[in-house]
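K.L.:
A structural model of the following input is requested.
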Amino acid sequence: MNPFFQAWPPEASLHAVRVDQLFIAFSALTVLLTAPVFVLMSGFALYYRRGRDVDRTQAPRGNWRLETVWTIVPFLLALIFFGWAGWLFFDQGHPPTGALTIDVVAKQWMWKFEHPGGQREIDELHVPAGEPVRLVMTSQDVIHSLFLPALRLKQDVLPGRYTSVWFKAGLPGVYALRCSQFCGFDHSVMAGRFVVMTPADYSRWLQQAGTDGSLAWQGFQRFRALGCSGCHGPASTRRAPKLEGVFGHPVALDGGRVVIADEQYVRDSILYPAHDVAAGYAPIMPTFAGQVSETDLLALVAYVKSIGTAAPSQEAGR
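P.N.:
Got it, this is the predicted structure:
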């Protein structure tokens, strides 16, 4: 059967199995609670229909025990499902350390994926089976939403900020990739293929895919081309915050606030440098809004993430 037109999508991950279990169990509970109401309602409507000679004089009587039970039991069952769903949501919000990070740019009407080694894809996403993968996503224009039915995952992709989702696909195969947010005239064609491969096949695919250097190396090239190294480079004589080892660590800001230097912080520092100024530095950095594309921003963020005490070499990134 064509995987793009199945009534029930395949389960390509443990998370998908858990979501289906939750869905089926909650559907069964809904039927269990509502079926008696509809059955009794239909029976009473038939029994007491107009023209039927039945006794209608008996006054209704209350039963506090019965009313207590049918109030408390559904409430407790609902709490169980709330905890179940909350656990799934919490698990999806905390990617494991060391997950493979793939950058995503959505635009009308295509998906652009870039792997850490610089391999690029359009409307296709290749990932290794059995390994955690984290997608860091942004939109170039309007709101999109990445939908992977086989993984039971959907995440909005927003302009001007980064969102992320992680997964561990367990079943190799080719699955559907969709945009589930109406994003314009050709929204229906914003689709592609989600390809899960064995680790060995994925390694071979990476070697065969074209690349012009790792994403961090591309970011380093843009870093120099934009003149950023004149202030932020290790050998710079100008007084500007050093970037080596800053990613993922707390940054003290002017005014006393402290933030973690994540992808969003680096992106905003490039586009809106006067918004969060590092403590002890003057807000003199010019904005690069309108001068760099979303792809350039992803590369620059990758470069900042990669640097320790030296700039990445081109060969090391290949």
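
K.L.:
Surely residue 124 and residue 192 touch.
P.N.:
Yes: with contact defined as C-beta atoms under 8 Å, residue 124 counts as touching residue 192 (5.4 Å). No exception for glycine: its C-beta is placed from N, CA and C like everyone else's.

K.L.:
out of the two, which sits in the more crowded spot?
P.N.:
Neighbours per residue, other C-beta atoms under 10 Å: of residue 124 and residue 192, the larger number sits with residue 192, 18 against 13.

K.L.:
now the strands: where do they sit in the protein?
P.N.:
100-107, 110-114, 120-122, 124-128, 133-139, 144-148, 153-157, 163-167, 173-179, 191-197, 250-252, 258-260 (DSSP state E).

K.L.:
Go through these and pick out the most buried.
P.N.:
strand 144-148 (a mean of 23; mean count of other C-beta atoms under 10 Å).

K.L.:
start to end distance for stretch 148-163?
P.N.:
Criterion C-alpha to C-alpha, to the nearest Å; first-to-last residue distance in stretch 148-163 is 15 Å.

K.L.:
gap between it and the chain center?
P.N.:
4 Å (C-alpha atoms, centre = their mean, to the nearest Å).

K.L.:
try stretch 33-50
P.N.:
Using C-alpha atoms, centre = their mean, the offset of stretch 33-50 from its chain centre is 45 Å.

K.L.:
Start the count at 18 instead of 1 going forward.
P.N.:
Happy to do that; since the first residue is 18 now, the last one works out to stretch 50-67.

K.L.:
Mean confidence (pLDDT) on it, please.
P.N.:
The pLDDT scores in stretch 50-67 average 87.

K.L.:
I figured residue 184 hits residue 150, correct?
P.N.:
Yes: the pair residue 184 / residue 150 is scored as a contact, 5.9 Å apart, by C-beta under 8 Å.

K.L.:
Which parts of the stretch 168-317 of the chain are helices?
P.N.:
216-225, 232-242, 246-249, 280-288, 311-323 (DSSP state H, counting those that start in this stretch).

K.L.:
Please name every helix or strand in contact with the last one.
P.N.:
Under the contact criterion of 3 or more C-beta pairs under 8 Å, 6 or more residues apart in numbering; DSSP states H and E, the helices and strands touching helix 311-323 comprise strand 117-124, strand 127-131, strand 150-156, helix 232-242, helix 280-288.

K.L.:
tell me which residues of the worst-scoring helix or strand of the chain on mean pLDDT are tucked away?
P.N.:
Ranking every helix and strand in the chain by mean pLDDT, DSSP states H and E puts helix 246-249 at the bottom, with a mean of 80. Buried residues in helix 246-249, counting neighbours by 16 or more other C-beta atoms under 10 Å, are found at 246, 249.

K.L.:
how distant is it from the center of its chain?
P.N.:
The answer for helix 246-249 is 33 Å, by C-alpha atoms, centre = their mean.

K.L.:
What of stretch 303-314?
P.N.:
With C-alpha atoms, centre = their mean, you get 23 Å for stretch 303-314.

K.L.:
And for stretch 96-112?
P.N.:
Centroid separation for stretch 96-112 versus its chain: 15 Å, with C-alpha atoms, centre = their mean.

K.L.:
try stretch 35-48
P.N.:
That offset, for stretch 35-48, works out to 23 Å (C-alpha atoms, centre = their mean).

K.L.:
Restricting to C-alpha, output it in CSV.
P.N.:
Output in CSV follows, covering the C-alpha atoms of stretch 35-48 (Å, rounded to 0.1, in the frame of the first residue of the first chain):
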residue,chain,number,x,y,z
ARG,A,35,3.0,5.5,22.6
VAL,A,36,0.9,8.3,21.0
ASP,A,37,-1.3,5.6,19.3
GLN,A,38,-1.7,3.8,22.6
LEU,A,39,-2.8,7.0,24.3
PHE,A,40,-5.2,7.8,21.4
ILE,A,41,-6.8,4.4,21.4
ALA,A,42,-7.1,4.2,25.2
PHE,A,43,-8.7,7.7,25.4
SER,A,44,-11.0,6.9,22.5
ALA,A,45,-12.1,3.7,24.4
LEU,A,46,-12.7,5.7,27.6
THR,A,47,-14.8,8.3,25.6
VAL,A,48,-17.0,5.5,24.2
